[in-house]
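>>> kindly generate the corresponding structure for this input.
(one chain, ligands or ions: 1)
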Amino acid sequence: MLNFGFPLSTEYERISSAFGWRWIQLGEMTVPVRQFHPGQDHGCPIGTLGKVAYKGHVSKIWEGYRAGRCLEITHPTCSIPGFLVQTVYYHLNKIYFKYLQQIGSDEIAYETGNSGKWTTGPHLHWGVKVNNRFIDPRICYN
Ligand SMILES: [Zn+2]
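Next comes the predicted model:
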């Protein structure tokens, strides 16, 4: 059991799209398509200040076509030998940390946004990876 914190202020705790399979409508296709959602979404205004779910360091910052401006944090202190734990944050507006910088769970790390093509409105998408496989973030915090 991971003992993460919720990365946003509690007013944004409502999950607008949960981890797992979901049906999406693609353009003019009449049949919905099943798509795997590798994290969970929380609607919040652009510029909402966010934290990381656990202390660690910045292991990647990138711009994705779908996910927009992205941040990946590696959490060595909650990883056990053989299990690497990481979290990711997508669609960001601004990132306050740089590659390899240490970051505490009480520090403001980014502003949420609406960047990337795969978003229908301002929200934070965050995900949790163990050995590069996404697990359900909902089981990682209280
Ligand atoms: Zn999402």
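>>> C-alpha only now, for contacts and for neighbours.
OK.
>>> how close does the residue of the chain most remote from its centre get to S17?
Most distant residue from the mean C-alpha position of the chain: T30, 30.3 Å away (Cα atoms, centre = their mean). Distance from T30 to S17, counting by Cα to Cα, to the nearest Å: 22 Å.
>>> what are the contacting residues of stretch 99-106?
With contact meaning Cα atoms under 8 Å, 6 or more residues apart in numbering, stretch 99-106 is reached by 5, 51-61, 97, 109.
>>> the same query, at a cut-off of 6 Å, please.
V52, Y54, K55, G56, H57, V58, S59 (Cα atoms under 6 Å, 6 or more residues apart in numbering).
>>> distance check, the fifth one against Y65.
Think H57. As judged by Cα to Cα, H57 and Y65 stand 24 Å apart.
>>> can you pull the contacts of P122?
P45, I46, G113, N114.
>>> neighbour-wise, which of H57 and Y65 wins?
More neighbours surround H57 than the other of H57 and Y65, with 21 against 11 (other Cα atoms under 10 Å).
>>> show me what from the chain comes close to the ion.
Counting by Cα under 5 Å from the ion, the residues of the chain close to the ion are D41, H125.
>>> give me the sheet partners of the strand ranked longest in the chain and which way each runs.
Longest strand of the chain, by residue count under DSSP state E: strand 85-95. Using DSSP bridges, strand 85-95 pairs in its sheet with strand 68-74 (antiparallel), strand 110-112 (antiparallel), strand 123-130 (antiparallel).
>>> out of the ones you listed, flag the one nearest I24.
Ranking the strands paired with strand 85-95 by proximity to I24 (Cα to Cα) places strand 123-130 first, at 16.6 Å.
>>> buried ones in that closest one, by neighbour count?
By 16 or more other Cα atoms under 10 Å, the buried positions in strand 123-130 come out as H123, L124, H125, W126, G127, V128, K129.
>>> which SSE is immediately downstream of that strand?
Using DSSP states H and E, the helix or strand that follows strand 123-130 towards the C-terminus is strand 133-135.
>>> list the contacts for the nearest residue to K60 once chain neighbours are set aside?
Nearest residue to K60, sequence neighbours excluded (Cα to Cα, 6 or more residues apart in numbering): E72, at 5.0 Å. Neighbouring residues of E72 by Cα under 6 Å, 6+ apart: V58, S59, K60, T87, V88.
>>> this completes my enquiry, with thanks.
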